[in-house]
Every structure is written in structure tokens, then in C-alpha cells.
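Chemist: Show me how the following folds:
(4 chains)
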Protein chains: 2
Amino acid sequence: MAALQKSIEKRNALIAATIELVNNNGFHATSMSKIAHMAQVSPATIYLYFANKQDLVNKTYIEVKGKYTDYAFETYTEKMPVAAGFEIIWKRIADFKLKECKYAMFLAQCDNTPMIDETSRQEGIKHLQPLLDLWARGKDAGIIKPISDYLLYAYTINPLSFLMMSEKRGAFKLDATHVEEAYQAAWSSIKVPA
Amino acid sequence: MAALQKSIEKRNALIAATIELVNNNGFHATSMSKIAHMAQVSPATIYLYFANKQDLVNKTYIEVKGKYTDYAFETYTEKMPVAAGFEIIWKRIADFKLKECKYAMFLAQCDNTPMIDETSRQEGIKHLQPLLDLWARGKDAGIIKPISDYLLYAYTINPLSFLMMSEKRGAFKLDATHVEEAYQAAWSSIKVPA
DNA sequence: TAAAAAAGAATGAACGTTCATTTTTATTCA
DNA sequence: TGAATAAAAATGAACGTTCATTCTTTTTTA
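Modeler: Below is the predicted model:
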């Protein structure tokens, strides 16, 4: 059992090192030997846990995407009214992007480059289903505009990535006031006018 | 004059090759020899036009960003009313992201990875000034919500990047109806309610 | 005919990955 | 319980390849 324990620690260390190095230097400048060095492991050891570099980065992506969606839906239940449920999910996601911004940055990089295999990308999307279901409920009830889920995502959730990135670059501080303003902007853009 | 002419053609070919290869394979998998081959030039020749790979990609970024902002503001003048001016700029940008999507994809990749030097990044931002001025006018007139320009950008312009990327992946078709819906969402999110 | 532009071949460094060993762990038997 | 041993995990060195860049030579231009 101690052996398995140790293995999981090493795997976690490798994934953590991958995230940090890719965030700071990009995928192209992140070599297997640098990942190994940061995880305090031999380069050869990586290949006991992952088939190759592509597999390592794919698995890292899926793992981080999982953390993201788990966090997003943790306090949400399907019984909640549409508007309240949306606010809860939106604010959890905002929270995640602020508090776990190393994860959010990694996802932003993955989502805007060809570094992730298409299959792994789709694997990561699956867990957003509760949000899509909420939107379907909202459209049926005439609370949310009857437009594509891609548009809804683009105007509510995705802006948070831009804001997180701007903050990371030091151009902008996303404090509690800004978060509330951002939420109002998000909700304004998709709610059916009274 | 023929010599200079030829030089500009080669430079353009190198920049076009860089955009295409980076879009398809990412910065990490785009080698100088592949760029040279696609531009029908010797690898050594690249170094007559650019100091090194980083310089090549920085200059490509600035050039593409210039095309983007030139296009965005082409039909806009400062005399226009706020709402009309915003609609014109927004729709020009939407147009650019749809019609010149190879440029838009390249910018999305640059803006979400560490592949561009910070100085080149800031060089590229400068040309957005007319939009910032328009927003200042709109805030003064009580037409646009008095919130940070980063929030305004995040909720109006940036969603177009996400939609363009979704379309590029084949998940979504951004037709004229969707563009109009997206514009309404954008404007709803930043206008002061009546 | 001199200068500028371009070329292909060559460079050392760094890459991802594999290989031959060594170290660690778990199991077996006294 | 403790030495013997087999299996698993981990290693550092080495592999062939590819990289960005430079060097020397050739071609083109003025």
C-alpha cells in the first residue's frame, strides 16, 4: 500500500510540474527533463506513469478540467430556481478562476492552442452538462434568451477567462466589486428583459 | 526597386507561413526549417529578415494585430453617436473574426500563451485607443455602464474569440442570425438599462 | 566588378525516448 | 522474526533525431 501511495504522489508531482512549467514557458519550451527535474524524478520515470509527452499533457488537461467542473457544481442542485442556480454556478466559476488561477491559466492555454488531442478535449467538455441542463430549464421557462449554448457560454462564463488573464498580466485587479459588476453584465446579456 | 520588391514578398511569405504553421501545429511544433520550406526560402534567409525565431513571431503578432485594429475602425468616425459607433465597431470586429479567421486564430493563440514578448504584446494593444475613447464618451453620457474597460472588453469583444474558436473546431456555425443575437447580448451586458 | 542577397551544408545543443542497471518493495521460507 | 529472493519501480546514461543558428560559398543585382 505504501508503494501505491508513493506512486500517486509522484504522479501528482509530475502533473503539478507540467502545469507550472507550461504556464510559465508554454508547451514548446517545457521539456520532459525539466518536468522530471521539477518533480524530483528521473526523466525515465515519467514513462512509467505516462506513455509519452502528449499523453502526459492530455491527462493533465483532463485532470484539471475535472477539478474545474467539480468546483463549479459543488454547491448547485437541480432543484434550485434558474436564476439562483445560475448565480451560484457563475460565482463558483469566478471563484475558481481567481483562487485556482494556475489551473485556470493552464486551461486557457489548452483551449486556445492545438496542444491537446481532440478526443481529450471532448472528454473534458462532458462534465459541463449540469450547466447546459440549467440553461434548457431557463429557456423553457422564458427566463433565459432562446439562443445557442455556445452564445450563452461565450457571454457569461468565458469572459472570466479574459479577466483572469488580464489580472495575471498585472493589468487589472479583479476585486469583489468587479466580480459583482461582471456577474450583472453576464446575467444582463442572457436574461429575457422584464 | 526590384530588389526591395522581392524582399517584401519574401517577408510576407515568411509571415504567412508562420501564421499557418502556428495555427495548425502550435508554436512548439513550428520549426524554422518548416517555415522556410513553406515560404520557399532557405532557413538561412529567414535571418536576413528577422533576428531569430522569437523576433519573427513577435513581428508577425504585431503585423496581424495591426490588420485587426485597422479593420475594426475602418468605417468608424469619432463624430458618430455612441450606440451607433459601438455597433459599427463591434460588427466590423465580428466580420474580421469570421472572414479573416486565420488571423483571428493566430491572435487567440498569442493572447493565451507566453509565446509573445510582453513588449510586443503592449505594442499591439495601443491601437485599440479609439474604442476606449468611445467607451469614455458613452460612460460620460450615461449610456454605457461605468465599469472598467477590461470588463467592457470581456463582455463585448472577447466572446467573439470563443465563438470563432468553437466554429473553427466545427462545433458551431456562426451565421448572420447568431451574429445579431451575439450583438444584442454584447450590448445588453454593457448598456445602462432604460 | 563589387556588393548584396540567398543558398545549402554544417554546428553544437537540446529534444523525446529507450536501455541496461541499480534500488526499493513485497513475498517466501527457515 | 529474519534472511533470501523475486518482482516492481526508479535511475542515469545513451540513443538517434531535430532544433535554431551560423558559416562558407554561390548567385543575383547594381
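Chemist: What parts of chain A come near DNA strand D?
Modeler: Contact residues, chain A versus DNA strand D (Cβ under 7 Å from any atom of the strand): A:Ala3, A:Lys6, A:Ser7, A:Lys10, A:Gln40, A:Val41, A:Ser42, A:Pro43, A:Ala44, A:Thr45, A:Leu48. (Each C-beta comes from the backbone N, C-alpha and C, glycine too.)
Chemist: In ChimeraX, select just the buried ones from these.
Modeler: Buried members of the residues of chain A next to DNA strand D, defined by 16 or more other Cβ atoms under 10 Å in any protein chain shown, are picked up in ChimeraX with:
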select /A:10,41
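Chemist: List just the nearest of the residues of chain A next to DNA strand D to B:Lys99.
Modeler: Top of the list for closeness to B:Lys99, among these and by Cβ to Cβ, is A:Pro43 at 45.6 Å.
Chemist: Provide the secondary structure category for the nearest residue to the closest one once chain neighbours are set aside.
Modeler: Leaving aside its chain neighbours, A:Pro43 sits nearest to A:Ala36 (4.3 Å; criterion: Cβ to Cβ, 6 or more residues apart in numbering or on different chains). Recorded secondary structure, A:Ala36: helix (DSSP: H, G, I helix; E, B strand; the rest coil).
Chemist: same check, this time on the one 4 residues further on
Modeler: When the structure is split into helix, strand and coil by three-state DSSP, A:Gln40 lands in coil.
Chemist: what sits against it?
Modeler: A:Ala13 (Cβ atoms under 8 Å, 6 or more residues apart in numbering or on different chains).
Chemist: ok, which stretches of chain A are helices?
Modeler: Here chain A has its helices, by DSSP state H, at A:2-25, A:32-38, A:43-49, A:53-73, A:82-99, A:101-111, A:118-125, A:129-140, A:149-156, A:159-168, A:176-190.
Chemist: how deep is A:Tyr150 tucked in, by neighbour count?
Modeler: 21 (other Cβ atoms under 10 Å in any protein chain shown).
Chemist: Nearest to B:Glu87 among the helices of chain A would be which one?
Modeler: Taking these one by one with Cβ to Cβ, helix A:176-190 is closest: 15.3 Å.
Chemist: neighbouring contacts of the closest one?
Modeler: Contact with helix A:176-190 is made by A:83, A:86-87, A:90-91, A:94, A:98, A:144-145, A:147, A:152, A:155-157, A:159-160, A:163, A:174, B:145, B:147-148, B:151, B:154-155, B:185-186, B:188-190, B:193, as judged by Cβ under 8 Å, 6+ apart.
Chemist: Can you mark which positions in that helix are buried?
Modeler: Buried residues in helix A:176-190, counted by 16+ other Cβ under 10 Å: A:His178, A:Val179, A:Glu181, A:Ala182, A:Tyr183, A:Ala185, A:Ala186, A:Trp187, A:Ser188, A:Ser189, A:Ile190.
Chemist: Tell me the one of these nearest B:Arg121?
Modeler: Closest approach between the buried residues of helix A:176-190 and B:Arg121, by Cβ to Cβ: A:His178, at 21.8 Å.
Chemist: Distance of the closest one relative to B:Ser188?
Modeler: 19 Å (Cβ to Cβ, to the nearest Å).
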